[in-house]
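In: attaching a predicted model along with its sequence, questions to come.
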Amino acid sequence: MQLSKNPLTWLKILVVGGLCGALCDQIHVQGQVLSYAQPAIAGQAWWVAPLFGVASLVIYAAASLWAPLAERQSPAAVTPGEIARQALWFVAMYALSAGMQQKPIWLCALYAILLVRRLVRRRDVTAQLANAAGLAVGGTAFEMALSSTGAFSYRAPDVFGVPMWLPGLYLHGAPLALAVVRRIRQAERN
C-alpha cells in the first residue's frame, strides 16, 4: 500500500471529505432519514464534518489497498471528469435513499441493480468489488456502533440501529473513493 507522503494531500482529504460528507449528510437530515441527538448546525451535530473528514482519511487508506490492482486491471488515467461522474452517482444514491427510505427492500434491489450496471463492463471490477465490500462492511459496522451511543438515529432502522439499505450506499461510494485514490497516486507520480 502506497499512501501519500505529502501532508497537504492528507489535509485536503480531511477538509474536502469533511465538507462534502457533511453536505451529503444534509440530504439525510433534510429528508428526515436520520436525526442527531444534539443538533447544532442545520440539524447536524457539531462533530459531523470532522467525523466525515476523519472517515475520508480512513477510506483513503483502505481504498489505497486496492489501487494497485485497479491500475493493473485498468491502466488508463483517472480524469477529473471520471471523479465528477462518480461523485454524481454517489450524490444520486444519497438522494435515492432519502426518497425511498420507506421502501427499504425496493431500495436494496435498486442499489444492487444499479451497482451491477455500474461495474459490469469495468476492467477493474475485481478491485472495485473488493474495495466496495470492505467499505460497505466497515462503514456499516461503524455506523451501527455510533448509532448505538445515541449520538444519532435513523428514522427507520432495520438492523442494529441502521437501515438495511445502508451497505448499498457504501457500495456506491466505493468507486468514487477508488477514483480519488488513483487520481492522487497519478498526481504524485508526475
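Out: Noted; the coordinates are in hand.

In: leaving out sequence neighbours, find the closest residue to Gln26.
Out: Ala42 (6.3 Å; C-beta to C-beta, 6 or more residues apart in numbering). All C-beta spots, glycine's among them, are computed from the backbone N, C-alpha and C.

In: tell me how far the helix or strand Ala187 falls within is from the chain's mean position?
Out: Using DSSP states H and E, Ala187 falls within helix 166-189. Distance of helix 166-189 from the chain centroid (C-alpha atoms, centre = their mean, to the nearest Å) equals 8 Å.

In: about what we covered before: pretty sure the residue nearest to Gln26 is touching Val29, no?
Out: Yes. If you go by C-beta atoms under 8 Å, Ala42 and Val29 touch, sitting 6.9 Å apart.

In: which of the two has more residues huddled nearby?
Out: More crowded of Ala42 and Val29, by other C-beta atoms under 10 Å: Val29, with 19 against 12.

In: roughly how far does that one sit from Leu57?
Out: According to C-beta to C-beta, to the nearest Å, Val29 and Leu57 sit 23 Å apart.

In: give me the element the residue lying closest to Val15 once chain neighbours are set aside is part of.
Out: Spatial nearest neighbour of Val15, chain neighbours left out: Gly53 (6.5 Å); criterion: C-beta to C-beta, 6+ apart. Assigned by DSSP H and E, Gly53 belongs to helix 48-64.
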